[in-house]
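A.B. asks: Just need the structure, nothing else, for what follows:
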Amino acid sequence: MIPTIFRLAFNRPRSSCWISALLLCLGLASCRPAQAQGFDATVLRESTHLSSGWLVHVGDDPAFALPDFDDSRWTLFNAETDSLHALVPDTRPDVVWYRLHMKVARNQTGLGLLAGTISRAYEIYSNGVKLYQAGRITPYAPYDTNGTALISIPDGQVGNGSIVIALRVRIDPYLWEDPQPGFRSEFLRLGQSDDLYVRKWYGPMRVHAIDWLSYLAEFSMLVGAILLYSTQRERLEYLWLFLAILAGIPGVILSLAERFHTFPLDWQLVNCLWMFYPYCIGRTYCAFVGRTVGWKLQLYLALAGVGVGYFYTESALDSPYAAASAIAFAPFALLELVILPAIILRNSRRSNRAESVLALPPVIMGIYFSAYAVLLPLSVVPAFRGQAFEFYKFIDGIPAGPFYINIGSIADILSLFSLALIILIRSNRVSREQALLQREIEAAKEVQQVILPEAVESVTGFRIESVYEPAQQVGGDFFQILPATESGLLLVIGDVAGKGLPAAMLVSVLVGAIRTAVQYSHSPTEILAQLNERLIGRTRGGFSTALAALFTSDGSVTLANAGHLSPYLDGREVELPNALPLGIVSGATYETTRFHLTSGSRLAFYTDGVIEAQNPQGELFGFERGRDISTKPAEVIAEAAKQFGQQDDITVITIERDAATETSAALQTATVLVSA
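C.D. replies: Here you go, the predicted structure:
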């Protein structure tokens, strides 16, 4: 992804300067009469570059494309060895025409041309018919020079046995600094269209295979980074990595497309998005090693981004100062070569030595960038231009069998590989931690199953139903139903703020405190007061609601509430005084409420998981539904809230006074009175 930054600036026609010097010394391009034999394509067995037999002329006239135009005074030109510098040593014309008389077999069909990198604006004619145009010559509108074009020669033109190929080429002023400006033989290939079609697609795939492997890795990392961040929001390095790769994605897509097609040069302005890359990649590496990014480093990252943006703007707009703008790129090269590796090595020693592997790719990339920062200024100096281009070609595409290796792409792949390795190491560590946490949760779940009764102990005179549905494996709801004096029962129900393991730990504390408190008193107010003191200093800013209710055999009910939901008595809410939840203020007191539970009457106790159940439309189950359903069995109430949309732990307890017990108690009382 990164190496595409420089290809625009260097992607201009170029060749060895020693060839040009030799040609100038020999005077091969002196004005020779155009007694050219042209090019014989009658026995064409395989596609070939069109090098010899060309005629060249400086100037611009539409008639130059016509097949019967008299070009006898044009200069003979070999596109492989000759240079325009000898033809026009003192001038730099904007437009140059090339003509090639080509002999073909009269029955020949399927001929085509494969053109690429001729110029940023050029036209190709066959027998006066324009076959192809890249960019616009007048008024000038340049196109990029990375793509190739497959051009079919009409079969009807071969009937007379000859074809005149004409090229109208716009030559930018800076290209006259090249040893061989304008058209060169490797820019145009003649052959059968089927063969050229294979070359059009196979050639770029072979030459740029390593680059595309890098692009594929980047797209994969882009998807992986956002998926990792979506599940681990606290890991900002994944977000920064996603943004860093995203900054170059438009340029990557354009780079892929322009291998097979030409686009207006100003489309390269999408690469200005690279200006965000230095800041994002700097934040990425700092986040990976736990380095805090201060304002000075942020300012430097922003400065490096401005330099990258300036470089791309100059290159995309074809500015004559594009090479000089490499100076603006120096802060980013320094960032990659020195600053980021130093940060990584220093901080990885403090945290995790494995993360020191992240330092290698920036060093390689920094060397790559530094080389370009030197090459670009040298490319505008005539004495060093040829060497600069030759060295650029070397680092941009080292031959390796049928492929070419770009050092920048290799550094890109290494960078992504090292990041993937660190992510894999982290994932392995997180998996082990999650496995350990899962075992702890299972242990907590077993403890909670012990302290929260699955089956409620029967108490004479009362019918009791209970349902407990945690939102996670362990929850923050709790309840205890215990026998009390004089054939009564004691209920304590509550809800710890929060969910999961922290809430479950507080539940364990509260249940233990309840069982200790009932050994000394069954008074609801005293029990809540003891629970409150037990929680002071243990909730870390949290709290717990609770409600204690004492039932006696004659139906008397005494309630004390600490911020919990009021129960429902036969479908009506019991009014209770307000009180603070447990664990907020030490020494809190709680008022009592007393009433009589008649035969067949029913009390329903909820935790807020019932009331706060929420459907996909965001609607709450609410108090009205809670009240209307309070006369139903506990299992029905809990299931209704759960199906509506469970968000929190759900606990439902219903207590109904047995009518038979009340009748028996009344008869016993009457018998005692009669006996008396």
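A.B. asks: Can you name every helix or strand that the one helix or strand residue 314 maps to contacts?
C.D. replies: In the assignment (DSSP states H and E), residue 314 maps to helix 295-316. Contact analysis of helix 295-316 by 3 or more CB pairs under 8 Å, 6 or more residues apart in numbering; DSSP states H and E lists helix 4-10, helix 277-288, helix 326-334 as its packing neighbours. Heads up, the C-betas are built off the backbone N, CA and C, glycines and all.
A.B. asks: Pick the most deeply packed of the ones you listed.
C.D. replies: Of all the helices and strands packed on helix 295-316, helix 277-288 has the most neighbours on average by mean count of other CB atoms under 10 Å, namely a mean of 24.
A.B. asks: Might you calculate how far that one sits from the centre of the chain?
C.D. replies: Computed by CA atoms, centre = their mean, to the nearest Å, the chain-centroid distance of helix 277-288 equals 14 Å.
A.B. asks: and the angle for it with helix 326-334?
C.D. replies: In terms of direction (axes from the mean of the first three to the mean of the last three CA atoms, to 10 degrees), helix 277-288 departs from helix 326-334 by 10 degrees.
A.B. asks: Now tell me which helix or strand of this protein has the poorest mean pLDDT.
C.D. replies: Least confident helix or strand of the chain, by mean pLDDT, DSSP states H and E, is helix 17-26 with a mean of 34.
A.B. asks: hang on, the earlier thing: give me the distance from the helix holding residue 314 to the chain's centre.
C.D. replies: Taking the mean of its C-alpha atoms, helix 295-316 sits 22 Å from the chain's own mean (CA atoms, centre = their mean).
A.B. asks: Which residues are in contact with the nearest residue to residue 405 once chain neighbours are set aside?
C.D. replies: Among residues not flanking residue 405 along the chain, residue 398 sits closest, at 4.5 Å (CB to CB, 6 or more residues apart in numbering). Residues near residue 398 by CB atoms under 8 Å, 6 or more residues apart in numbering: 404, 405, 406, 407.
A.B. asks: Against residue 344, how distant is the residue nearest in space to the middle of the chain?
C.D. replies: Central residue of the chain (CA atoms, centre = their mean): residue 242, 3.4 Å from the mean position. Counting by CB to CB, to the nearest Å, the separation of residue 242 from residue 344 is 19 Å.
A.B. asks: next one: residue 588
C.D. replies: As judged by CB to CB, residue 588 and residue 344 stand 53 Å apart.
A.B. asks: Which one's more surrounded, those two?
C.D. replies: residue 344 (25 against 17; other CB atoms under 10 Å).
A.B. asks: And the pLDDT at the more buried one?
C.D. replies: Looking at residue 344, its pLDDT stands at 86.
A.B. asks: wait, what's in contact with the nearest residue to it once chain neighbours are set aside?
C.D. replies: Spatial nearest neighbour of residue 344, excluding adjacent residues (CB to CB, 6+ apart): residue 359 at 4.2 Å. Listed by CB under 8 Å, 6+ apart, the contact set of residue 359 reads 340, 341, 344, 345, 348.
A.B. asks: And residue 122, by the same measure?
C.D. replies: Residue 122 makes contacts with 133, 134, 135, 137, 167, 168, 169, 170, as judged by CB under 8 Å, 6+ apart.
A.B. asks: where do the helices sit along the stretch 301-450 of the chain?
C.D. replies: Assigned by DSSP state H, counting those that start in this stretch, the stretch 301-450 of the chain shows helices spanning 326-334, 340-350, 360-378, 382-396, 407-451.
A.B. asks: Tell me what angle the longest one forms with helix 360-378.
C.D. replies: Using the same axes, to 10 degrees, the inter-axis angle of helix 407-451 relative to helix 360-378 is 150 degrees.
A.B. asks: on contacts alone, who are the packing partners of helix 407-451?
C.D. replies: Contacts defined by 3+ CB pairs under 8 Å, 6+ apart place helix 407-451 against helix 209-231, helix 360-378, helix 382-396, helix 500-517.
A.B. asks: what about residue 420, distance to residue 176?
C.D. replies: Residue 420 sits 47 Å away from residue 176, going by CB to CB.
A.B. asks: Helix, strand or coil: sort out residue 233 for me.
C.D. replies: What DSSP: H, G, I helix; E, B strand; the rest coil gives for residue 233 is coil.
A.B. asks: what does residue 125 give?
C.D. replies: At residue 125, secondary structure determined by three-state DSSP is strand.
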